[in-house]
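Novice: Let me see the structure of the following:
(chains A and B)
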Amino acid sequence: MLEEIKYQKLKDIIKIYLPEDVTVADVEQNSHFMNDLNINSANLVDIVLDVEDAFDIRLENDDMDQMQTVNDAMAIIDTKLKSK
Amino acid sequence: MSRRVVITGLGVCAPNGVGLTDFTQSLLEGKSGIRHQPILEKLGFGCQIAGEPLVKDNLIDNYFTPLERRGLNATGIVYGVIAGVDAWKDAGLKKNETKEPSWDRGILFGTGILGVDKFREAIHLIDEGNVRRLGSTSVIQTMASGISAYIGGLLGCGNQVTTNSAACTTGTEGIIMAYDRISQGKAEIMLTGSCSDSGPYVWGGFDAMRILPRAYNDNPSQASRPMSASASGFVPGSGAGALILESLESAQKRGAHIYAEVLGGEINSGGQLGEGSMTAPNSIAVQRCIRNAIFNSGIKASEVDVINGHLTATAKDALEIENWSMALNRSGKDFPFVNSFKGSIGHCLAAAGSIESVATILQFQENVVFKNVNCDDIHTQIQSLISEDCIPRKTISYTPRIIAKASFGFGDVNACVIFKAYSD
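Specialist: Numbers count the residues shown, from 1 in each chain, chains lettered A, B, ... in the order given. Here you go, the predicted structure:
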């Protein structure tokens, strides 16, 4: 899967969880989900589930703990896709 | 400290009308919201009909963000938020856009059980060993207080935000609890109401108890027959009603429209003693509840001119009329007008008290007593207690001054509230 497509897919997932004062244009590769994008910590759980569905992968508890930024998410998705 | 409390806003999501305009029209005409439910037929229910609000998908978009709608599978929350937010707006109140909670505004929104379909979803995932797939909304949609929490967050309320639960008295109980809080000076504005989920998992237990009518699956609008000789059980329903209770002082300061005044009420239980049980009322307690509500309201029994009963369309309707008659010491032609809205909306369980209270209050606004439907054959025992002229079978023009509203519920619990037409 092309990096661009992957990134777009991830942004589409994140989009719905953004609070009113953050737009999708604010999402960057190194954005921290909670600190930069102000995403509610409870919703990180939902982002993980959406990522699992969109990429047909399964994230373990450790993966979830490490997924702090958009880049983290991209890296985890890559690893999981390669080991499929 | 005892302050006057008035009603300044109403909202409703009922089987026969979502929003005040449609609901009022349905009540004026006696239009039924009871319909055949294919899912109940598929599942082999004895009673395959119910009253369920018809909520259009694009209407939900007006109340919930796309994020809130994701995985939303709790009809009680949908109904409760629609009714609650509508009541807030109807009272001329706005969302709190500041950073400071509205300390003098609270939510008292009851339910019997919340998010049943969401809970079912969770049970399946958990049983499959897939608890990790529940997502973040399983708890907030299935905790009983999910509904008050939801509305409290939408409006930014900083006073008490809680959920009461007392079976079918829930909605009426909530009004009295909100009244107490405001009259005691602990809050200025309370949004009170109640909601009940739709569907087989809520209604199934009642079907199993064989207390629902089974002979009207092809004729749903005729099924719910309060006070009639042919009453054969209550028709289950769902939905939500909401009322804004406010100190008179606050309402006057805001220049708010005042629908009616809440004079007071009473909440009690028959202790499941004597003739009372988990499912049957102790008449001594019912009568005491009504008498105390009148006493607490500072009026005389002779001043009540309309009653909105609990009257569910079971064999107990005659006993309820007898209890009212004994409590008020009024009978025959001297008895007040009495109506039950369950004939057209069914018995909305935890939501019944609030939906019916909204309807009750609308009678002040419309200058009417709404009709009873499906009771052309008044039960003979009721006829022996009160004149049939007291049971309007057509909506009549009338200017009510004092209306008593009561609800009774499983657990032998009772609530009676007294509303008065507002005047300075």
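Novice: Quickly note the distance from the nearest residue to residue B:359 once chain neighbours are set aside to chain A.
Specialist: Spatial nearest neighbour of residue B:359, excluding adjacent residues (Cβ to Cβ, 6 or more residues apart in numbering or on different chains): residue B:341 at 5.1 Å. The C-beta positions use only the backbone N, C-alpha and C, and glycine is treated the same way. Noted for residue B:341: a distance of 40 Å to chain A, by Cβ to the nearest Cβ, to the nearest Å.
Novice: Over to residue B:255?
Specialist: Noted for residue B:255: a distance of 31 Å to chain A, by Cβ to the nearest Cβ.
Novice: For that residue, what are phi and psi?
Specialist: phi 70, psi 30 (degrees, to the nearest 10).
Novice: buried stuff in stretch A:61-79?
Specialist: Buried residues in stretch A:61-79, defined by neighbour count with 16 or more other Cβ atoms under 10 Å in any protein chain shown: A:63, A:67, A:69, A:70, A:72, A:73, A:74, A:76, A:77.
Novice: From chain B, how far out is the second one?
Specialist: Right, residue A:67. Taking Cβ to the nearest Cβ, one finds residue A:67 at 14 Å from chain B.
Novice: mind listing what that residue touches?
Specialist: Contact analysis of residue A:67 by Cβ atoms under 8 Å, 6 or more residues apart in numbering or on different chains lists A:33, A:44, A:48, A:59, A:73, A:76.
Novice: now the last one
Specialist: For residue A:77, the contact set (Cβ under 8 Å, 6+ apart) comprises A:6, A:10, A:51, A:55, A:57.
Novice: OK, contacts around the third one?
Specialist: So the one you mean is residue A:51. Residues near residue A:51 by Cβ under 8 Å, 6+ apart: A:10, A:13, A:57, A:59, A:73, A:77.
Novice: Out of the residues you listed, list just those in helices.
Specialist: The helices, defined by DSSP state H, take in A:10, A:13, A:73, A:77 from those.
Novice: any idea which of these is closest to chain B?
Specialist: For the ones in helices among the contacts of residue A:51, the closest approach to chain B (Cβ to the nearest Cβ) belongs to residue A:13, at 11.1 Å.
Novice: Find the nearest non-adjacent residue to the closest one, please.
Specialist: That would be residue A:50: by Cβ to Cβ, 6+ apart, it lies 4.5 Å from residue A:13.
Novice: Also residue B:349?
Specialist: In space, and not counting its chain neighbours, residue B:349 is closest to residue B:196: 4.5 Å by Cβ to Cβ, 6+ apart.
Novice: Which strand residues bridge the one you found?
Specialist: Taking DSSP bridges, one obtains residue B:239 as the residues bridged to residue B:196.
Novice: what sits against it?
Specialist: By Cβ under 8 Å, 6+ apart, the neighbours of residue B:196 are B:76, B:79, B:111-112, B:202, B:237-240, B:348-352.
Novice: Mind putting the residues you listed into CSV with distance to residue B:407 and neighbour count?
Specialist: Formatted as CSV, those follow (distance: Cβ to Cβ, whole Å; neighbours: other Cβ atoms under 10 Å in any protein chain shown):
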residue, distance to residue B:407, neighbour count
B:76, 18, 32
B:79, 18, 33
B:111, 14, 30
B:112, 12, 24
B:202, 18, 22
B:237, 14, 30
B:238, 16, 30
B:239, 15, 37
B:240, 15, 37
B:348, 11, 36
B:349, 10, 28
B:350, 10, 33
B:351, 11, 36
B:352, 6, 32
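Novice: Quick one: name the residues of chain B near chain A.
Specialist: Residues of chain B found near chain A (Cβ under 8 Å from any Cβ of the partner chain) are B:66, B:67, B:70, B:71, B:133, B:135, B:136, B:137.
Novice: Retrieve the pLDDT associated with the fifth one.
Specialist: Okay, so that is residue B:133. At residue B:133, the pLDDT value in this model is 93.
Novice: repeat for the first one
Specialist: Looking at residue B:66, its pLDDT is 89.
Novice: Can you give me the distance of it to residue B:21?
Specialist: Separation of residue B:66 from residue B:21 (Cβ to Cβ, to the nearest Å): 27 Å.
Novice: now do the fifth one
Specialist: From residue B:133 over to residue B:21 the distance is 42 Å, taken as Cβ to Cβ.
Novice: For chain B, what's its nearest residue on chain A.
Specialist: When scored by Cβ to the nearest Cβ, chain A has residue A:42 as its residue closest to chain B, at 4.1 Å.
Novice: That residue: how many residues sit nearby?
Specialist: Per other Cβ atoms under 10 Å in any protein chain shown, the neighbour tally for residue A:42 reads 13.
Novice: Phi first, then psi, for it.
Specialist: phi -60, psi -30.
Novice: what's it in contact with, if anything?
Specialist: residue B:136.
Novice: One more: residue B:393?
Specialist: Going by Cβ under 8 Å, 6+ apart, residue B:393 touches B:371, B:372, B:373, B:375, B:376.
Novice: try residue B:158
Specialist: Shown in contact with residue B:158 (Cβ under 8 Å, 6+ apart): B:100, B:101, B:102, B:103, B:104, B:105, B:106.
Novice: The residue nearest to residue B:359 and residue B:122, how far apart?
Specialist: Residue B:341 is 34 Å from residue B:122, by Cβ to Cβ.
Novice: what's the helix or strand for residue B:325?
Specialist: helix B:317-328 (DSSP states H and E).
Novice: which residues sit against that helix?
Specialist: By Cβ under 8 Å, 6+ apart, the list of residues contacting helix B:317-328 from outside reads B:226-227, B:231, B:281, B:283, B:286-288, B:290-291, B:294, B:301-302, B:304, B:307, B:309-311, B:331, B:335-336, B:338, B:340, B:379, B:381-382, B:385-386, B:406, B:408.
Novice: now the residue of the stretch 1-150 of chain B at minimum distance from chain A, nearest residue through space, not along the chain?
Specialist: Scanning the stretch 1-150 of chain B for the residue nearest chain A gives residue B:136, at 4.1 Å (criterion: Cβ to the nearest Cβ). In this structure, residue B:136 finds its nearest non-sequential neighbour in residue A:42, 4.1 Å apart by Cβ to Cβ, 6+ apart.
Novice: what's around residue A:5, how many residues?
Specialist: With other Cβ under 10 Å as criterion, residue A:5 counts 9.
Novice: before we move on, which element is it in?
Specialist: Using DSSP H and E, residue A:5 falls within helix A:3-15.
Novice: residues touching residue B:197, list them.
Specialist: B:74, B:75, B:76, B:111, B:113, B:114, B:115, B:116, B:117, B:238.
Novice: Just confirm the last one contacts residue B:37, I think it does.
Specialist: Just to be clear, that refers to residue B:238. No. Look at residue B:238 against residue B:37 with Cβ atoms under 8 Å: they stay out of range, at 10.7 Å.
Novice: list residues touching both of the two?
Specialist: Counting by Cβ under 8 Å, 6+ apart, the contacts common to residue B:238 and residue B:37 are B:50, B:52.
Novice: Per-residue pLDDT of the residue nearest to the spatial centre of chain A, please?
Specialist: The C-alpha lying nearest the average C-alpha coordinate of chain A belongs to residue A:73 (Cα atoms, centre = their mean; 4.7 Å). Residue A:73 is assigned a predicted lDDT (pLDDT) of 95.
Novice: Now do the closest residue to residue B:329 other than its chain neighbours, the pLDDT please.
Specialist: If the residues on either side of it in the chain are set aside, residue B:329 comes closest to residue B:301, at 6.0 Å by Cβ to Cβ, 6+ apart. pLDDT for residue B:301: 98.
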